[in-house]
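> Need a 3D model of the following:
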Amino acid sequence: MELVFTTFALFLVTIVASYIFYQRIKMAQGEYEDSKDAVRNITFGFSRQVKRMESDLERLERDTLQAKYMANEALANRQDNSDATLAGLEKVKELSDRVDGIEVSIETMKKDLNKLASQPRIIQQTQVDAPIPVQGEDILQGLTDTELEVLKMIVDTGEGTVPEIKEIIEKTREHTARLLKKLYDKGFVDRNTSSMPYRYSIRKEIRDLILEQNETNTVGL
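This next block holds a predicted model:
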């Protein structure tokens, strides 16, 4: 009777340990997948993101080691059990092997992170066209009313970002971004990429033309 009770108790402990272990594995796997996706999407805030991911990895390692310890302890305590607990032992062993695989993946991911962190961050910039020839107001006549409005706004404010300019011209963010890129590619404005969002400022030659045009219009009135 005592042997039956002991066997049943060990079997019950095996089931509980296996369930706890399996839940930890699911959590660890989910965190690992999230961390792996985050690596692919590293852009702005690179250093902060790397530190956060390293912290997540350390926590994941701790959880994994704890889960593996529970599995190994359950496995060691049940080596002398009867055939009734064999299925539970095999499940624990299977989960333990799975943890080993996760640990290998973690090590690989840490190496990739270290390699990525050691590389200098390079901000790609669009090739700036050669300065456009300044031929009086003829240059401005080729612009749309919206483009000219944006240039005048930048003259007044000194510089502007896509969100700021969007509010003034009452266009969508995508439309405003395309408009500014067009002006940038044609050489009407310069773009500062040292911060986000990018800041656009007008070229001196274009600024002088717009101010001259404004003075002419004022005199005409």
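
> quick one: average pLDDT of the helix or strand containing L116?
Using DSSP states H and E, L116 falls within helix 86-118. The pLDDT scores in helix 86-118 average 74.

> Which other helices and strands does that helix contact?
Secondary-structure packing of helix 86-118 (3 or more CB pairs under 8 Å, 6 or more residues apart in numbering; DSSP states H and E): helix 2-40, helix 46-77. C-beta here means a position set from N, CA and C on the backbone, and glycine is covered the same way.

> Would you single out the least confident of these?
helix 2-40 (a mean of 63).

> Who are the contact partners of K110?
54, 57 (CB atoms under 8 Å, 6 or more residues apart in numbering).

> And the protein, what are its domain boundaries?
What automatic domain parsing lists as the domains of the chain is 2-118, 138-220.

> L179: what's it in contact with?
L179 neighbours (CB under 8 Å, 6+ apart): 146-147, 150, 171.

> Turn the buried ones among those into a named ChimeraX selection, would you?
Buried residues within the contacts of L179, by 16 or more other CB atoms under 10 Å, are selected in ChimeraX with:
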select :147,150,171
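
> Tell me how many other residues crowd I165.
Close neighbours of I165, defined as other CB atoms under 10 Å, add up to 21.

> swap in P163?
11.

> Can you name the residues that contact the residue lying closest to it once chain neighbours are set aside?
Spatial nearest neighbour of P163, chain neighbours left out: P197 (6.4 Å); criterion: CB to CB, 6 or more residues apart in numbering. By CB under 8 Å, 6+ apart, the residues touching P197 are 161-163.

> cool, I154 as well?
I154 neighbours (CB under 8 Å, 6+ apart): 160, 165, 189, 200-202.

> most neighbours, which of these?
I202 (25 neighbours).

> give me every residue that touches it.
Going by CB under 8 Å, 6+ apart, the list of residues near I202 reads 151, 154-155, 188-190, 210.

> buried subset of those?
If we count by 16+ other CB under 10 Å, those have these buried: 151, 154-155, 188-189, 210.

> Save the contacts of P197 as TSV, and put in pLDDT, distance to R62 and secondary structure too.
Compiled in TSV, these are given as follows (pLDDT from 0 to 100; distance: CB to CB, whole Å; DSSP: H, G, I helix; E, B strand; the rest coil):
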residue	pLDDT	distance to R62	secondary structure
T161	90	42	strand
V162	91	43	helix
P163	90	41	helix
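
> of these, closest to L65?
P163 (45.9 Å; CB to CB).

> right, and that closest one touches R173 too?
Yes - between P163 and R173 a contact is recorded at 7.1 Å, counting by CB atoms under 8 Å.
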